[in-house]
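1. predicted model and sequence below, questions to follow.
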There are 2 protein chains.
Amino acid sequence: MTQRGAGVDLDTSLGYLLKEASSALRAAMDEVLRPLGMSVTHYSCLELLAQRPGLSNSELARGAFVTRQTMNVLLQALEREGQVSRPAEASVGKVLPARLTPLGRRKLEKATAAVRAVEVRMLAGMSEAERADAFRILRSMIRSLHDD
Amino acid sequence: MTQRGAGVDLDTSLGYLLKEASSALRAAMDEVLRPLGMSVTHYSCLELLAQRPGLSNSELARGAFVTRQTMNVLLQALEREGQVSRPAEASVGKVLPARLTPLGRRKLEKATAAVRAVEVRMLAGMSEAERADAFRILRSMIRSLHDD
DNA sequence: TGCGTCATGTCAGTATCCTGACATACAGTG
DNA sequence: CACTGTATGTCAGGATACTGACATGACGCA
């Protein structure tokens, strides 16, 4: 029985716990990325481009869980700094495929190592079975939230 | 063996999945709270005060996973709108215990129902055992991330 | 061919949250 | 008592991400 009839008990709410875990992860990533002059979204963008070269602005936005407007200003900054390159005009439609430059790849290398250390720390003390459970459970939550 | 030696494979990364789940939850909450004129942090603040009356600004900030500066401007706005009340001066130290006003309680009621519906939807299709697993696993991640 | 729908890139304005900084209050220690 | 460390409330400025809006190109369909 919960504390009150209509309440969302914070101490037992999985939603609250999910937010707490996400907040802790974001803080930990911020901490290691800041010395490298990168934000979490900045890193996400570079990592996405490393694994799937040629992604468009909108696709990157969806992959980093921000709006395409937000990703656009970030991409423009990264282009200006020479970490990312995009063709001047689209070969088909309006889609501009983005790619990492050598500079972008170098910046990503250090960031990836730092971020991976954070993920390893987060998973410390969890068995292989628990990690598999976590994967399945999170996937289930995401799917359930996405259908209205 | 992972895709590349030093890579963080997005398709299998629990950190990435955690971010995706959190993003989906936040979006779903935003969607139901917006018609009520509330943000997620706004709701969190009211819910915290309902369950633990007399919480201070700093305590509310920690509970809502924002900085105390952010919570402070929110509290000032909520005070101005008459949803929350704080004493003019502290009885001890600088701590100002906050409380919900009747108006705040009414605003919270509708929001709680909406948010609970989202959480129910998120948990749809999960067994009781899976929910217990999720709780334990998320707690483990949080604990691991918090010790440097 | 023309039309409606959808996705995209981009600009502008706004909301939200953060870091930095300061003054203050309490607790522990010498 | 004075000193140090820690926690609080608050102000100011800047970073980040959002909503709203527009023009454009691709696609399906009549």
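-> Yes, it's here.
2. all helices of chain A, in order?
-> Taking DSSP state H as the criterion, chain A contains helices spanning A:14-33, A:40-51, A:57-64, A:68-80, A:102-122, A:128-146.
3. can the second one be said to contact chain B?
-> So the one you mean is helix A:40-51. Yes - interface with chain B: helix A:40-51 contributes A:Glu47, A:Leu48, A:Ala50, A:Gln51 (C-beta under 8 Å from any C-beta of the partner chain). Every C-beta, even on glycine, is put in place using the N, C-alpha and C of the backbone.
4. ok, for the closest residue to chain B within chain A, nearest residue in space, not its chain neighbours?
-> Nearest residue of chain A to chain B (C-beta to the nearest C-beta) works out as A:Ser22 at 3.5 Å. Sequence neighbours aside, B:Ser22 is the residue nearest to A:Ser22 in space, at 3.5 Å (criterion: C-beta to C-beta, 6 or more residues apart in numbering or on different chains).
5. burial of that neighbour, as a residue count?
-> By the measure other C-beta atoms under 10 Å in any protein chain shown, the count of residues near B:Ser22 is 23.
6. excluding chain neighbours, what is closest to A:Leu75?
-> Counting by C-beta to C-beta, 6+ apart, A:Leu75 lies nearest to A:Asn57, which is 5.7 Å off, once chain neighbours are set aside.
7. swap that for A:Pro87, sorry
-> A:Leu96 (6.0 Å).
8. separation between the one you found and DNA strand D?
-> The gap separating A:Leu96 from DNA strand D is 12 Å, by C-beta to the nearest atom of the strand, to the nearest Å.
9. A:Leu100 too?
-> The gap separating A:Leu100 from DNA strand D is 18 Å, by C-beta to the nearest atom of the strand.
10. re earlier: isn't the residue nearest to A:Pro87 right up against A:Leu55?
-> No - the pair A:Leu96 / A:Leu55 is not scored as a contact, 10.1 Å apart, by C-beta atoms under 8 Å.
11. neighbour count: these two, which is higher?
-> Using other C-beta under 10 Å, the more surrounded residue of A:Leu96 and A:Leu55 is A:Leu55, with 19 against 16.
12. can you report phi and psi for that one?
-> Dihedral pair for A:Leu55: phi -60, psi 140, per degrees, to the nearest 10.
13. retrieve the pLDDT associated with it.
-> Note for A:Leu55: predicted pLDDT of 97.
14. low-confidence ranges in chain A?
-> By pLDDT under 70, the low-scoring segments of chain A are A:1-7.
15. get me the contact residues on it for DNA strand C.
-> Residues of chain A lying close to DNA strand C (C-beta under 7 Å from any atom of the strand) are A:30, A:56-59, A:68-69, A:72, A:75-76, A:90, A:93-96.
16. buried subset of these?
-> A:Ser56, A:Asn57, A:Glu59, A:Leu75, A:Leu96 (16 or more other C-beta atoms under 10 Å in any protein chain shown).
17. isn't the second one up against A:Ala98?
-> It stands for A:Asn57. Yes - with contact defined as C-beta under 8 Å, A:Asn57 and A:Ala98 form a contacting pair (7.1 Å).
18. okay, and the common contacts of the two?
-> Common neighbours of A:Asn57 and A:Ala98, using C-beta atoms under 8 Å, 6 or more residues apart in numbering or on different chains, are A:Leu75.
19. pretty sure A:Arg68 sits against A:Leu75.
-> No - between A:Arg68 and A:Leu75 there is no contact under C-beta under 8 Å: 9.7 Å.
20. please enumerate the shared neighbours of these two.
-> The contact lists of A:Arg68 and A:Leu75 share A:Asn57, where a contact means C-beta under 8 Å, 6+ apart.
21. and A:Val115, how far from A:Thr101?
-> 20 Å (C-beta to C-beta, to the nearest Å).
22. more neighbours, those two?
-> Neighbour count, other C-beta under 10 Å: between A:Val115 and A:Thr101, A:Val115 has more, with 24 against 16.
23. circling back to that earlier point, from memory the residue nearest to A:Ser22 sits against A:Lys19, does it?
-> Yes - counting by C-beta under 8 Å, A:Lys19 is a contact partner of B:Ser22 at 6.4 Å.
24. now check stretch A:34-47, is it near DNA strand D?
-> Yes - under the criterion of C-beta under 7 Å from any atom of the strand, stretch A:34-47 makes contact with DNA strand D via A:Ser39, A:Val40, A:Thr41.
25. quick check, nearest of those to DNA strand C?
-> Nearest to DNA strand C, judged by C-beta to the nearest atom of the strand, of those is A:Ser39 at 10.4 Å.
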